[in-house]
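**Student:** curious how this folds, go ahead:
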Amino acid sequence: MNTQYIENTLNQLNEIISLDYLDFIKDNPKTISFNSEKFNLFTIDELCKPVVIHGMEILTIHSLKAHVPNLQKVNSNFTYDQNGIAFSLHRFSLSVLIGYANENLIFIDYRDKNRIYIFHPKSRDITKTALTVNKIIKNEY
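**Tutor:** Residues are numbered from 1 along each chain as shown. Here you go, the predicted model:
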């Protein structure tokens, strides 16, 4: 992966994720417990680390994009949350991965840069949570 791409992503992180959250995860690994799962939150370095998922090399922060082709095979252009509300794959692909618990992935909705969802790769569904980036920073979960 191009090191210039990684450097550009580091420089643009504050446009993707709030500065308060970046400061929160800056140095030490963080975990949050929610819905009886313990989620590991990525550090800034981990967010900008290249990974390979389904044969696609991509930065961790953008790695939800790598799941879209498999979701399209089953769900066309949408996946659904626990209430049956459609969540477009375009919206999903632009959202920001911030952590994991086992195989479940926790991410920030790109539209408001605050609402937290959980992606369950095995069942290919999404859970809308009551969590927000602001609640994570303030330890209100």
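**Student:** what residues are up against the closest residue in space to Met56 that isn't next to it in sequence?
**Tutor:** Spatially, and ignoring its direct neighbours in sequence, Met56 is nearest to Ala66 (4.3 Å; C-beta to C-beta, 6 or more residues apart in numbering). (Each C-beta comes from the backbone N, C-alpha and C, glycine too.) Residues in contact with Ala66 (C-beta atoms under 8 Å, 6 or more residues apart in numbering) are 53-54, 56, 58.
**Student:** for the longest strand along the chain, which helices and strands make contact with it?
**Tutor:** Counting by DSSP state E, the longest strand found in the chain is strand 125-132. The contact analysis (3 or more C-beta pairs under 8 Å, 6 or more residues apart in numbering; DSSP states H and E) places strand 125-132 against strand 30-34, strand 78-80, strand 115-120.
**Student:** turn the ones you listed into CSV, columns for mean neighbour count.
**Tutor:** Formatted as CSV, the helices and strands packed on strand 125-132 follow (neighbours: other C-beta atoms under 10 Å):
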stretch, mean neighbour count
strand 30-34, 14
strand 78-80, 17
strand 115-120, 20
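**Student:** with just CA atoms, put the longest strand of the chain into CSV.
**Tutor:** Output of strand 125-132 as CSV, limited to C-alpha atoms (Å, rounded to 0.1, in the frame of the first residue of the first chain):
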residue,chain,number,x,y,z
ASP,A,125,-26.7,-7.6,9.7
ILE,A,126,-26.2,-4.3,11.6
THR,A,127,-27.3,-3.3,15.1
LYS,A,128,-28.1,0.3,15.8
THR,A,129,-26.9,1.1,19.3
ALA,A,130,-27.7,3.8,21.8
LEU,A,131,-24.0,4.6,21.8
THR,A,132,-22.5,7.7,20.3
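**Student:** many thanks, I have nothing further to ask.
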